[in-house]
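Undergrad: need coordinates for the below:
(one chain, ligands or ions: 2)
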Amino acid sequence: MSKAQRLTRTHPDQLLVGLVSVSDRASAGVYVDEGIPSLQSWLAQALTVAPQCVSRLVPDEPARISAALVELVDELGCDLVLTTGGTGPARRDVTPEATLAVATREMPGFGEQMRQISLRFVPTAILSRQVGVLRETDDHAALILNLPGQPKAIRETLEGLRDEQGAVVVPGVFAAVPYCIDLIGGPYAETRPEVVAAFRPKSARRAS
Ligand SMILES: Nc1ncnc2c1ncn2[C@@H]1O[C@H](COP(=O)(O)OP(=O)(O)OP(=O)(O)O)[C@@H](O)[C@H]1O
Ligand SMILES: Nc1nc2c(c(=O)[nH]1)N[C@H]1C(S)=C(S)[C@@H](COP(=O)(O)O)O[C@H]1N2
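TA: Ligands and ions are numbered 1, 2, ... in the order given. Predicted structure coming up:
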């Protein structure tokens with residue numbers, strides 16, 4: 001197989017994002033994949049600079065999932081990879097294992113926070129084994145986050161929970177993504193605060 005071309009940013013602050021939908025049925029055409037469109041539309045409205053997204057739809061096979069992650073990070077140079085699906089306890093739910101297999105370091109705060117958020121929506125959130133990790137090569141690093149498979153769970157975990165007045169009750173995990181990407185050497189991504197307010201310490205904020 002020929003090597004995929006490294007992506008190039010069309011703006012210095014543009015995030016290069018890999019999207020991996022893990023679903024036996026969607027990849028076999030039993031139903032239409034809603035994971036990738038949900039991720040794409042959420043990112044498009046959350047980021048101030050439109051991201052460049054590359055997507056992969058794979059069955060719940062560990063080797064296929066790990067290979068997609070390696071290709072997106074090492075060959076295409078993605079800064080961030082979001083997976084959706086395959087995080088539960090069923091025998092074929094193997095996304096966390098396939099992610100850990102290509103990780104150089106774990107970022108446990110992301111999984112902890114996602115379960116905190118999701119428990120506000122559904123009691124079954126305790127069954128989600130999602131992980132956040134870094135994959136670091138000699139000249140590049142990426143953050144990889146597992147999201148649950150239900151399309152509605154994508155928005156819930158990335159954006160968090162607000163009360164009826166719009167005040168944040170539990171912050172979405174995406175609030176931590178831009179600063180994490182700064183720290184691993186990626187671009188300076190900014191979010192729309194009405195969708196998700198990203199945090200950076202004062203010392204890391206760019207003068208406007
Ligand atoms: N890519 C997808 N597109 C649309 N709906 C999905 C997708 N992935 C999951 N879902 C929905 O969310 C549920 C839970 O997701 P999960 O990852 O556990 O899938 P699953 O039950 O193992 O089935 P499959 O792998 O065949 O999608 C699914 O049963 C399905 O209703
Ligand atoms: N925010 C949120 N998290 C959620 C859900 C949801 O609807 N919303 N569904 C849960 C369910 S039903 C399961 S079984 C686990 C694992 O889901 P997955 O196998 O689809 O990844 O995630 C959970 N996390």
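
Undergrad: please make it C-alpha for all contacts and neighbour counts, starting now.
TA: OK.

Undergrad: need the residues of the protein near ligand 2, please.
TA: 85-88, 93, 118, 121-122, 124-125, 127-128, 148-150, 153, 156-157 (C-alpha under 6 Å from any ligand atom).

Undergrad: who does the most centrally placed residue in the chain form a beta bridge with?
TA: Computing the C-alpha centroid of the chain and ranking residues by C-alpha atoms, centre = their mean puts L82 first, at 2.6 Å. L82 has these beta-bridge partners by DSSP bridges: L19, L145.

Undergrad: my read is that it contacts I144, right?
TA: Yes. Assessed by C-alpha atoms under 8 Å, L82 is found in contact with I144 at 5.9 Å.

Undergrad: contacting residues for P171?
TA: When contacts are counted by C-alpha atoms under 8 Å, 6 or more residues apart in numbering, P171 touches 117, 159-161, 196.

Undergrad: cool, and P51?
TA: So P51 contacts 14-17, 43-44 (C-alpha under 8 Å, 6+ apart).

Undergrad: and if we set it to 7 Å?
TA: Counting by C-alpha atoms under 7 Å, 6 or more residues apart in numbering, P51 touches 14-17, 44.

Undergrad: same check on A98?
TA: A98 touches 62, 65-66, counting by C-alpha under 7 Å, 6+ apart.

Undergrad: do the same with L119
TA: L119 touches 125-126, counting by C-alpha under 7 Å, 6+ apart.

Undergrad: which pLDDT value belongs to it?
TA: L119 carries a pLDDT score of 96 in this model.

Undergrad: then the one 4 residues further on?
TA: According to the per-residue confidence, P123 scores 97 in pLDDT.

Undergrad: repeat that for K3.
TA: 69.

Undergrad: repeat that for A103.
TA: Reported pLDDT for A103: 98.

Undergrad: Provide a list of residues in contact with it.
TA: Counting by C-alpha under 7 Å, 6+ apart, A103 has contacts 133-135.
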